[in-house]
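[1] coords please:
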Amino acid sequence: MFASDPSSRSDDNHASADVVVARLLVDGPSASAAAVLDAIDVRQLSRRGTVDYVKAWDQLTAWTTARPMSALVSLAGSCDPRVDGDNGDELMQTSVFEELRLSLNVSQLAIDSRVEVARDLESRFTDTQQSLLSGKISYPHARALVEGLAQVRDAETAIEIEQRALAKSDRSVGRFRRFLREAVDTVDPAATLARHKKAAAERTIKRWELPDGMGCLQVEAAAPDIATMWSALTLLSGPKESDDPRPLGARRVDAMLGLCLGAVAPDPETDAHRPGRVIARPKAPIEAQVVIDLPTLIGLADNPAELRGFGKIPAGLARDWLQQPNTWRRLVTDPVDGHLLDYGPVVRSAPPKLHAYVVNRHTTCCFPGCNQPSKKADLDHEPPWQADGKGGRTSAEGLRPLCRRHHRLRTFLGWKIDHLRDGGVRWTSPSGQIWNIPPPPVLGPD
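    Here you go, the predicted structure:
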(Lines give C-alpha, C1' and ligand atoms only; values in the text may rest on other atoms or scores of the structure.)
Protein backbone atom coordinates (compact mmCIF):
# COMPACT_ATOMS: atom_id res chain seq x y z
CA MET A 1 0.00 0.00 0.00
CA PHE A 2 1.10 3.53 -0.68
CA ALA A 3 0.94 6.26 1.94
CA SER A 4 -1.63 8.93 1.16
CA ASP A 5 -0.36 12.29 -0.07
CA PRO A 6 -0.45 14.88 2.82
CA SER A 7 -1.19 17.69 0.36
CA SER A 8 -4.16 15.69 -0.91
CA ARG A 9 -5.51 15.33 2.64
CA SER A 10 -5.10 19.09 3.12
CA ASP A 11 -7.09 19.77 -0.03
CA ASP A 12 -9.84 17.42 1.20
CA ASN A 13 -9.98 19.26 4.54
CA HIS A 14 -10.26 22.59 2.73
CA ALA A 15 -13.04 21.31 0.50
CA SER A 16 -14.99 19.82 3.41
CA ALA A 17 -14.79 22.95 5.58
CA ASP A 18 -15.56 25.20 2.61
CA VAL A 19 -18.74 23.22 1.85
CA VAL A 20 -19.95 23.58 5.45
CA VAL A 21 -19.46 27.35 5.41
CA ALA A 22 -21.07 27.72 1.97
CA ARG A 23 -24.12 25.79 3.20
CA LEU A 24 -24.41 28.08 6.24
CA LEU A 25 -24.47 31.10 3.93
CA VAL A 26 -27.35 29.56 1.98
CA ASP A 27 -29.32 28.45 5.05
CA GLY A 28 -28.98 31.80 6.81
CA PRO A 29 -28.17 32.75 10.39
CA SER A 30 -29.46 30.92 13.46
CA ALA A 31 -28.31 29.81 16.88
CA SER A 32 -27.25 26.44 15.46
CA ALA A 33 -25.33 28.18 12.66
CA ALA A 34 -23.38 30.12 15.27
CA ALA A 35 -22.44 26.89 17.01
CA VAL A 36 -21.25 25.31 13.75
CA LEU A 37 -19.21 28.36 12.79
CA ASP A 38 -17.66 28.52 16.24
CA ALA A 39 -16.45 24.93 15.89
CA ILE A 40 -14.74 25.42 12.50
CA ASP A 41 -10.94 25.52 12.41
CA VAL A 42 -10.16 28.49 10.18
CA ARG A 43 -6.88 26.86 9.17
CA GLN A 44 -8.90 24.22 7.30
CA LEU A 45 -10.50 26.80 5.01
CA SER A 46 -9.30 27.87 1.61
CA ARG A 47 -9.06 31.56 0.82
CA ARG A 48 -12.55 31.50 -0.71
CA GLY A 49 -13.85 29.55 2.27
CA THR A 50 -12.31 32.03 4.69
CA VAL A 51 -14.07 34.93 2.93
CA ASP A 52 -17.36 32.99 3.17
CA TYR A 53 -16.63 32.32 6.85
CA VAL A 54 -16.35 36.06 7.57
CA LYS A 55 -19.55 36.69 5.56
CA ALA A 56 -21.39 34.05 7.59
CA TRP A 57 -20.39 35.75 10.85
CA ASP A 58 -21.57 39.07 9.39
CA GLN A 59 -24.94 37.46 8.69
CA LEU A 60 -25.08 36.35 12.31
CA THR A 61 -24.23 39.88 13.44
CA ALA A 62 -27.25 41.21 11.51
CA TRP A 63 -29.44 38.45 12.99
CA THR A 64 -28.35 39.08 16.57
CA THR A 65 -28.92 42.83 16.10
CA ALA A 66 -32.47 42.25 14.84
CA ARG A 67 -33.50 39.71 17.49
CA PRO A 68 -33.94 42.12 20.45
CA MET A 69 -35.83 44.76 18.45
CA SER A 70 -39.27 43.61 19.53
CA ALA A 71 -38.09 43.74 23.16
CA LEU A 72 -36.86 47.31 22.66
CA VAL A 73 -40.24 48.34 21.25
CA SER A 74 -41.99 46.56 24.12
CA LEU A 75 -39.93 48.55 26.63
CA ALA A 76 -40.02 51.95 24.91
CA GLY A 77 -43.48 51.78 23.34
CA SER A 78 -44.43 51.66 19.68
CA CYS A 79 -44.50 55.44 19.21
CA ASP A 80 -42.56 58.44 20.46
CA PRO A 81 -44.54 60.36 23.12
CA ARG A 82 -42.54 63.49 22.32
CA VAL A 83 -44.37 63.55 18.99
CA ASP A 84 -47.78 62.82 20.55
CA GLY A 85 -47.30 65.43 23.28
CA ASP A 86 -48.06 63.16 26.26
CA ASN A 87 -45.83 64.42 29.07
CA GLY A 88 -46.53 61.42 31.31
CA ASP A 89 -45.54 58.90 28.67
CA GLU A 90 -42.52 61.03 27.75
CA LEU A 91 -41.28 60.86 31.33
CA MET A 92 -41.78 57.08 31.36
CA GLN A 93 -39.86 56.78 28.09
CA THR A 94 -37.03 58.87 29.54
CA SER A 95 -36.83 56.47 32.48
CA VAL A 96 -36.68 53.44 30.16
CA PHE A 97 -34.07 55.07 27.92
CA GLU A 98 -31.86 55.98 30.86
CA GLU A 99 -32.02 52.44 32.20
CA LEU A 100 -31.07 51.07 28.78
CA ARG A 101 -28.26 53.58 28.41
CA LEU A 102 -26.77 52.70 31.78
CA SER A 103 -27.24 48.95 31.32
CA LEU A 104 -25.70 48.87 27.85
CA ASN A 105 -23.08 51.53 28.63
CA VAL A 106 -23.78 53.55 25.48
CA SER A 107 -24.72 57.15 24.75
CA GLN A 108 -28.25 58.51 24.81
CA LEU A 109 -27.92 59.25 21.10
CA ALA A 110 -27.16 55.58 20.44
CA ILE A 111 -30.22 54.45 22.42
CA ASP A 112 -32.46 56.97 20.63
CA SER A 113 -31.25 55.67 17.28
CA ARG A 114 -31.70 51.98 18.17
CA VAL A 115 -35.24 52.51 19.41
CA GLU A 116 -36.18 54.64 16.39
CA VAL A 117 -34.90 51.97 14.02
CA ALA A 118 -36.65 49.18 15.96
CA ARG A 119 -39.98 51.04 15.96
CA ASP A 120 -39.91 51.70 12.22
CA LEU A 121 -38.80 48.18 11.32
CA GLU A 122 -41.51 46.66 13.51
CA SER A 123 -44.26 48.88 12.08
CA ARG A 124 -43.37 50.44 8.71
CA PHE A 125 -40.57 48.45 7.13
CA THR A 126 -41.20 44.82 8.01
CA ASP A 127 -39.52 43.53 4.81
CA THR A 128 -36.33 45.29 5.87
CA GLN A 129 -36.64 43.69 9.31
CA GLN A 130 -36.95 40.23 7.70
CA SER A 131 -33.94 40.95 5.49
CA LEU A 132 -31.98 41.86 8.62
CA LEU A 133 -33.08 38.70 10.41
CA SER A 134 -32.04 36.58 7.43
CA GLY A 135 -28.66 38.30 7.21
CA LYS A 136 -29.33 39.71 3.73
CA ILE A 137 -28.61 43.25 4.87
CA SER A 138 -26.52 44.74 7.66
CA TYR A 139 -27.78 46.83 10.56
CA PRO A 140 -26.08 50.00 9.20
CA HIS A 141 -28.07 49.50 5.98
CA ALA A 142 -31.32 49.08 7.92
CA ARG A 143 -30.61 52.21 9.95
CA ALA A 144 -29.78 54.14 6.77
CA LEU A 145 -33.14 53.11 5.29
CA VAL A 146 -35.08 54.25 8.37
CA GLU A 147 -33.24 57.57 8.49
CA GLY A 148 -33.46 58.11 4.74
CA LEU A 149 -37.24 57.57 4.66
CA ALA A 150 -38.03 59.47 7.86
CA GLN A 151 -39.42 62.42 5.85
CA VAL A 152 -41.63 60.23 3.65
CA ARG A 153 -44.94 60.04 5.51
CA ASP A 154 -47.02 58.54 2.71
CA ALA A 155 -47.02 54.81 3.50
CA GLU A 156 -47.30 53.53 -0.08
CA THR A 157 -44.49 55.78 -1.29
CA ALA A 158 -42.25 54.74 1.59
CA ILE A 159 -42.83 51.03 0.90
CA GLU A 160 -42.16 51.53 -2.81
CA ILE A 161 -38.81 53.17 -2.09
CA GLU A 162 -38.03 50.50 0.53
CA GLN A 163 -38.48 47.72 -2.06
CA ARG A 164 -36.24 49.51 -4.55
CA ALA A 165 -33.65 50.12 -1.85
CA LEU A 166 -33.58 46.47 -0.70
CA ALA A 167 -32.62 45.53 -4.25
CA LYS A 168 -29.60 47.84 -3.85
CA SER A 169 -28.53 46.61 -0.40
CA ASP A 170 -25.39 44.95 -1.80
CA ARG A 171 -23.87 48.42 -2.03
CA SER A 172 -21.73 50.13 0.58
CA VAL A 173 -23.66 52.05 3.24
CA GLY A 174 -22.54 55.37 1.76
CA ARG A 175 -23.80 54.51 -1.72
CA PHE A 176 -26.96 53.03 -0.21
CA ARG A 177 -27.66 56.31 1.60
CA ARG A 178 -27.12 58.25 -1.64
CA PHE A 179 -29.59 56.01 -3.46
CA LEU A 180 -32.21 56.61 -0.77
CA ARG A 181 -31.65 60.36 -0.80
CA GLU A 182 -31.96 60.51 -4.56
CA ALA A 183 -35.08 58.32 -4.54
CA VAL A 184 -36.76 60.59 -1.98
CA ASP A 185 -35.74 63.71 -3.93
CA THR A 186 -37.25 62.23 -7.10
CA VAL A 187 -40.57 61.47 -5.40
CA ASP A 188 -41.02 64.97 -3.95
CA PRO A 189 -38.65 67.54 -5.52
CA ALA A 190 -40.66 70.47 -4.13
CA ALA A 191 -40.17 69.27 -0.56
CA THR A 192 -36.48 68.73 -1.22
CA LEU A 193 -36.13 72.27 -2.54
CA ALA A 194 -37.95 73.64 0.51
CA ARG A 195 -35.67 71.70 2.87
CA HIS A 196 -32.62 72.97 1.01
CA LYS A 197 -33.72 76.59 1.30
CA LYS A 198 -34.36 76.17 5.02
CA ALA A 199 -30.99 74.48 5.56
CA ALA A 200 -29.19 77.13 3.47
CA ALA A 201 -30.77 79.88 5.57
CA GLU A 202 -29.39 78.15 8.68
CA ARG A 203 -25.84 77.79 7.30
CA THR A 204 -23.20 77.95 10.00
CA ILE A 205 -19.68 77.11 11.11
CA LYS A 206 -19.00 74.85 14.09
CA ARG A 207 -15.83 73.99 15.93
CA TRP A 208 -14.73 71.40 18.47
CA GLU A 209 -11.56 70.07 20.05
CA LEU A 210 -9.61 67.07 18.83
CA PRO A 211 -6.86 65.06 20.55
CA ASP A 212 -3.19 66.01 20.34
CA GLY A 213 -3.79 69.75 20.55
CA MET A 214 -5.83 69.82 17.34
CA GLY A 215 -9.25 71.23 16.52
CA CYS A 216 -11.90 70.84 13.83
CA LEU A 217 -13.81 73.52 11.92
CA GLN A 218 -16.98 72.35 10.18
CA VAL A 219 -18.64 74.51 7.55
CA GLU A 220 -22.29 73.82 6.76
CA ALA A 221 -23.40 75.66 3.63
CA ALA A 222 -25.04 75.14 0.25
CA ALA A 223 -23.18 72.58 -1.84
CA PRO A 224 -22.08 75.06 -4.55
CA ASP A 225 -20.62 77.35 -1.89
CA ILE A 226 -18.66 74.44 -0.41
CA ALA A 227 -17.48 73.50 -3.91
CA THR A 228 -16.32 77.09 -4.45
CA MET A 229 -14.44 77.23 -1.14
CA TRP A 230 -12.80 73.86 -1.80
CA SER A 231 -11.71 74.79 -5.31
CA ALA A 232 -10.41 78.18 -4.15
CA LEU A 233 -8.37 76.65 -1.31
CA THR A 234 -6.98 74.04 -3.71
CA LEU A 235 -5.98 76.80 -6.14
CA LEU A 236 -4.42 78.91 -3.38
CA SER A 237 -2.50 75.93 -2.02
CA GLY A 238 -0.46 75.98 -5.22
CA PRO A 239 1.52 73.15 -6.81
CA LYS A 240 3.70 71.12 -4.47
CA GLU A 241 7.32 72.25 -4.55
CA SER A 242 10.11 69.70 -4.27
CA ASP A 243 11.35 71.19 -0.98
CA ASP A 244 7.86 71.52 0.57
CA PRO A 245 7.05 68.60 2.93
CA ARG A 246 3.39 69.61 3.36
CA PRO A 247 0.72 67.35 1.82
CA LEU A 248 -2.13 68.94 -0.12
CA GLY A 249 -4.50 68.91 2.87
CA ALA A 250 -2.02 70.85 5.00
CA ARG A 251 -1.48 73.38 2.22
CA ARG A 252 -5.25 73.93 2.00
CA VAL A 253 -5.38 74.59 5.76
CA ASP A 254 -2.48 77.06 5.51
CA ALA A 255 -4.18 78.80 2.58
CA MET A 256 -7.37 79.28 4.60
CA LEU A 257 -5.41 80.51 7.61
CA GLY A 258 -3.58 82.96 5.35
CA LEU A 259 -6.87 84.34 4.08
CA CYS A 260 -8.13 84.87 7.63
CA LEU A 261 -4.91 86.46 8.88
CA GLY A 262 -4.82 88.74 5.85
CA ALA A 263 -8.36 89.89 6.55
CA VAL A 264 -7.49 91.02 10.09
CA ALA A 265 -3.91 92.21 9.48
CA PRO A 266 -3.12 95.67 10.90
CA ASP A 267 -3.13 98.68 8.60
CA PRO A 268 0.55 99.43 7.83
CA GLU A 269 -0.08 103.19 8.07
CA THR A 270 -2.03 103.31 11.33
CA ASP A 271 -1.00 100.00 12.93
CA ALA A 272 -4.69 99.46 13.73
CA HIS A 273 -6.69 96.33 13.02
CA ARG A 274 -9.50 97.11 10.63
CA PRO A 275 -10.93 93.85 9.38
CA GLY A 276 -13.02 94.07 6.26
CA ARG A 277 -16.65 93.09 6.52
CA VAL A 278 -18.42 90.93 3.93
CA ILE A 279 -21.70 92.71 3.20
CA ALA A 280 -22.82 90.86 0.09
CA ARG A 281 -21.94 87.55 -1.51
CA PRO A 282 -19.12 87.99 -4.03
CA LYS A 283 -19.35 86.36 -7.42
CA ALA A 284 -17.40 83.12 -7.39
CA PRO A 285 -14.84 82.75 -10.19
CA ILE A 286 -14.41 79.02 -9.51
CA GLU A 287 -15.97 76.68 -12.05
CA ALA A 288 -18.14 73.78 -10.88
CA GLN A 289 -20.15 71.16 -12.76
CA VAL A 290 -23.88 70.57 -12.92
CA VAL A 291 -25.09 67.50 -14.83
CA ILE A 292 -28.64 67.92 -16.12
CA ASP A 293 -30.79 66.32 -18.81
CA LEU A 294 -31.94 68.46 -21.71
CA PRO A 295 -35.71 68.57 -20.94
CA THR A 296 -34.98 69.62 -17.34
CA LEU A 297 -32.50 72.28 -18.46
CA ILE A 298 -35.10 73.98 -20.66
CA GLY A 299 -37.91 73.59 -18.12
CA LEU A 300 -39.93 70.80 -19.75
CA ALA A 301 -39.20 68.34 -16.92
CA ASP A 302 -38.12 68.37 -13.28
CA ASN A 303 -35.77 65.39 -13.14
CA PRO A 304 -33.04 65.64 -10.47
CA ALA A 305 -29.75 67.11 -11.66
CA GLU A 306 -26.35 66.39 -10.14
CA LEU A 307 -23.72 68.64 -8.63
CA ARG A 308 -20.48 66.77 -9.30
CA GLY A 309 -18.87 65.67 -6.07
CA PHE A 310 -22.02 66.15 -3.97
CA GLY A 311 -24.83 64.14 -5.56
CA LYS A 312 -28.35 64.84 -6.80
CA ILE A 313 -29.98 68.27 -6.50
CA PRO A 314 -33.54 69.43 -7.27
CA ALA A 315 -34.20 70.57 -10.83
CA GLY A 316 -35.31 74.06 -9.81
CA LEU A 317 -32.19 74.60 -7.76
CA ALA A 318 -29.97 73.44 -10.64
CA ARG A 319 -31.64 75.85 -13.08
CA ASP A 320 -31.16 78.70 -10.60
CA TRP A 321 -27.47 77.92 -10.20
CA LEU A 322 -26.94 77.57 -13.95
CA GLN A 323 -27.93 81.20 -14.43
CA GLN A 324 -24.36 82.01 -13.35
CA PRO A 325 -22.54 81.19 -16.62
CA ASN A 326 -19.08 82.16 -15.38
CA THR A 327 -19.29 79.78 -12.44
CA TRP A 328 -20.95 76.65 -13.79
CA ARG A 329 -20.16 74.17 -16.51
CA ARG A 330 -23.24 72.41 -17.86
CA LEU A 331 -23.02 68.71 -18.70
CA VAL A 332 -26.17 67.98 -20.72
CA THR A 333 -27.31 64.35 -20.91
CA ASP A 334 -29.72 62.22 -22.89
CA PRO A 335 -33.07 62.11 -21.00
CA VAL A 336 -33.58 58.42 -21.88
CA ASP A 337 -30.39 56.65 -20.83
CA GLY A 338 -28.50 59.42 -19.02
CA HIS A 339 -25.41 59.21 -21.23
CA LEU A 340 -23.34 62.23 -22.15
CA LEU A 341 -24.49 64.50 -25.00
CA ASP A 342 -22.31 67.56 -24.52
CA TYR A 343 -19.13 68.00 -22.47
CA GLY A 344 -16.69 70.86 -21.90
CA PRO A 345 -13.30 70.73 -20.14
CA VAL A 346 -13.77 71.21 -16.39
CA VAL A 347 -10.26 71.10 -15.00
CA ARG A 348 -7.74 73.88 -14.78
CA SER A 349 -5.63 72.69 -17.70
CA ALA A 350 -7.70 70.82 -20.29
CA PRO A 351 -6.75 67.12 -20.53
CA PRO A 352 -6.67 65.19 -23.79
CA LYS A 353 -10.10 64.48 -25.19
CA LEU A 354 -9.83 60.73 -24.69
CA HIS A 355 -8.88 61.11 -21.03
CA ALA A 356 -11.75 63.55 -20.50
CA TYR A 357 -14.22 61.18 -22.16
CA VAL A 358 -13.20 58.15 -20.08
CA VAL A 359 -13.14 60.12 -16.83
CA ASN A 360 -16.63 61.49 -17.43
CA ARG A 361 -18.02 58.18 -18.63
CA HIS A 362 -16.96 56.60 -15.31
CA THR A 363 -16.96 59.28 -12.61
CA THR A 364 -15.41 56.96 -10.00
CA CYS A 365 -12.90 54.11 -9.91
CA CYS A 366 -14.37 51.02 -11.58
CA PHE A 367 -13.55 48.69 -8.67
CA PRO A 368 -16.68 47.39 -6.90
CA GLY A 369 -17.81 49.84 -4.22
CA CYS A 370 -14.93 52.31 -4.70
CA ASN A 371 -15.96 55.97 -4.72
CA GLN A 372 -12.53 57.45 -5.47
CA PRO A 373 -13.13 60.17 -8.12
CA SER A 374 -11.93 59.10 -11.55
CA LYS A 375 -10.17 62.41 -12.12
CA LYS A 376 -7.71 61.29 -9.39
CA ALA A 377 -7.38 57.77 -10.79
CA ASP A 378 -5.13 56.01 -13.28
CA LEU A 379 -6.42 54.96 -16.68
CA ASP A 380 -6.03 51.19 -16.81
CA HIS A 381 -5.52 49.32 -20.10
CA GLU A 382 -7.22 45.97 -20.67
CA PRO A 383 -5.48 43.97 -21.95
CA PRO A 384 -2.39 45.60 -20.40
CA TRP A 385 -0.51 47.99 -22.64
CA GLN A 386 2.92 46.81 -23.87
CA ALA A 387 5.73 48.83 -25.38
CA ASP A 388 6.05 46.41 -28.30
CA GLY A 389 2.51 47.18 -29.46
CA LYS A 390 1.16 43.71 -28.69
CA GLY A 391 -0.88 44.73 -25.67
CA GLY A 392 -4.05 46.73 -25.14
CA ARG A 393 -4.95 49.75 -27.24
CA THR A 394 -5.25 53.26 -25.85
CA SER A 395 -8.89 53.65 -26.82
CA ALA A 396 -12.24 54.37 -25.23
CA GLU A 397 -13.10 50.66 -25.40
CA GLY A 398 -9.91 49.58 -23.66
CA LEU A 399 -9.60 52.13 -20.85
CA ARG A 400 -11.22 52.33 -17.44
CA PRO A 401 -10.31 54.57 -14.45
CA LEU A 402 -8.82 52.71 -11.47
CA CYS A 403 -7.52 54.41 -8.34
CA ARG A 404 -3.90 53.61 -7.57
CA ARG A 405 -4.83 51.08 -4.84
CA HIS A 406 -7.07 49.00 -7.10
CA HIS A 407 -4.83 49.46 -10.14
CA ARG A 408 -2.06 47.77 -8.14
CA LEU A 409 -4.42 44.97 -7.09
CA ARG A 410 -5.20 44.25 -10.72
CA THR A 411 -1.59 44.50 -11.85
CA PHE A 412 0.20 42.59 -9.10
CA LEU A 413 -2.21 40.54 -6.96
CA GLY A 414 -4.26 38.44 -9.33
CA TRP A 415 -7.48 40.47 -9.61
CA LYS A 416 -8.89 40.18 -13.11
CA ILE A 417 -10.99 42.73 -14.99
CA ASP A 418 -12.94 42.00 -18.18
CA HIS A 419 -14.57 44.70 -20.27
CA LEU A 420 -18.15 43.85 -21.25
CA ARG A 421 -19.88 44.69 -24.51
CA ASP A 422 -22.32 47.09 -22.84
CA GLY A 423 -19.48 49.21 -21.40
CA GLY A 424 -19.54 47.58 -17.96
CA VAL A 425 -16.79 45.52 -16.38
CA ARG A 426 -16.57 42.15 -14.65
CA TRP A 427 -14.17 41.69 -11.73
CA THR A 428 -12.89 38.30 -10.59
CA SER A 429 -11.08 38.01 -7.25
CA PRO A 430 -8.09 35.67 -6.70
CA SER A 431 -10.47 33.24 -4.97
CA GLY A 432 -12.84 33.20 -7.96
CA GLN A 433 -15.66 35.45 -6.75
CA ILE A 434 -17.25 37.62 -9.44
CA TRP A 435 -18.75 41.12 -9.41
CA ASN A 436 -20.41 42.68 -12.46
CA ILE A 437 -20.29 46.49 -12.61
CA PRO A 438 -22.80 47.95 -15.11
CA PRO A 439 -21.87 50.97 -17.24
CA PRO A 440 -22.79 54.08 -15.25
CA PRO A 441 -24.83 56.81 -16.94
CA VAL A 442 -23.44 60.28 -16.32
CA LEU A 443 -26.86 61.21 -14.91
CA GLY A 444 -29.45 58.75 -13.68
CA PRO A 445 -30.13 56.25 -10.90
CA ASP A 446 -26.90 54.84 -9.50
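[2] Could you check how far the helix or strand hosting residue 218 is from the centre of its chain?
    Element membership for residue 218 (DSSP states H and E) is strand 214-220. Distance, stretch centre to chain centre, for strand 214-220: 21 Å (CA atoms, centre = their mean, to the nearest Å).
[3] Next SSE downstream of it?
    helix 223-237.
[4] what is the mean pLDDT for that next one?
    Averaging pLDDT along helix 223-237 yields 86.
[5] Please apply the same query to stretch 185-194.
    The model assigns stretch 185-194 a mean pLDDT of 78.
[6] residues making contact with that stretch?
    By CB atoms under 8 Å, 6 or more residues apart in numbering, the residues outside stretch 185-194 that reach it are 151-152, 157, 161, 184, 302-304, 312-317. (Each C-beta comes from the backbone N, C-alpha and C, glycine too.)
[7] Which of the residues you listed fall within strands?
    312-313 (DSSP state E).
[8] circling back: in the sheet, which strands lie alongside the strand holding residue 218, parallel or antiparallel?
    Using DSSP bridges, the strands paired with strand 214-220 in its sheet are strand 204-210 (antiparallel).
[9] can you list contacts of the strand it pairs with?
    The contact list for strand 204-210 (CB under 8 Å, 6+ apart) reads 215-220.
[10] Filter the residues you listed down to just the buried residues.
    Among the contacts of strand 204-210, not one is classed as buried by 16 or more other CB atoms under 10 Å.
[11] mind putting the contacts of stretch 185-194 in CSV, neighbour count included?
    Shown next, in CSV, are those (neighbours: other CB atoms under 10 Å):
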residue, neighbour count
151, 12
152, 21
157, 15
161, 21
184, 21
302, 17
303, 21
304, 25
312, 25
313, 26
314, 24
315, 23
316, 17
317, 22
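[12] Now flag whichever of the contacts of stretch 185-194 is closest to residue 401.
    residue 312 (21.4 Å; CB to CB).
[13] wait, what's in contact with that closest one?
    178, 181-182, 185-186, 304-306.
[14] Distance to residue 112 for these - can I get that in CSV?
    As requested, those are exported to CSV (distance: CB to CB, whole Å):
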residue, distance to residue 112
178, 24
181, 21
182, 26
185, 26
186, 29
304, 30
305, 34
306, 33
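[15] Give me the spatial nearest neighbour of residue 47, chain neighbours excluded.
    residue 431 (4.5 Å; CB to CB, 6 or more residues apart in numbering).
[16] Output the below-cut-off pLDDT ranges for the stretch 301-446 of the chain.
    Counting by pLDDT under 70, the stretch 301-446 of the chain shows low-confidence ranges at 309-310, 324-354, 385-397, 441-446.
[17] Let's see that with 50 instead.
    341-351 (pLDDT under 50).
[18] The residue nearest the centre of the chain: which element?
    Centrality entry for the chain: nearest residue to the mean C-alpha point is residue 174, 2.7 Å, by CA atoms, centre = their mean. For residue 174, the host element (DSSP H and E) is helix 173-187.
[19] What residues sit buried inside that helix?
    Across helix 173-187, burial judged by 16+ other CB under 10 Å covers 176-186.
[20] Check the offset of that helix from the chain's centre.
    Helix 173-187 sits 10 Å away from the centroid of its parent chain (CA atoms, centre = their mean).
[21] I'd like the next helix or strand past it.
    Assigned by DSSP H and E, the successor of helix 173-187 is helix 189-201.
[22] ok and that next one relative to helix 173-187, angle-wise?
    Between helix 189-201 and helix 173-187, the angle formed by their directions is 120 degrees, by axes from the mean of the first three to the mean of the last three CA atoms, to 10 degrees.
[23] mind checking how far helix 189-201 is from the chain centre?
    22 Å.
[24] and that helix, which residues are buried?
    For helix 189-201, burial by neighbour count (16+ other CB under 10 Å) applies to 189, 192-193, 196.
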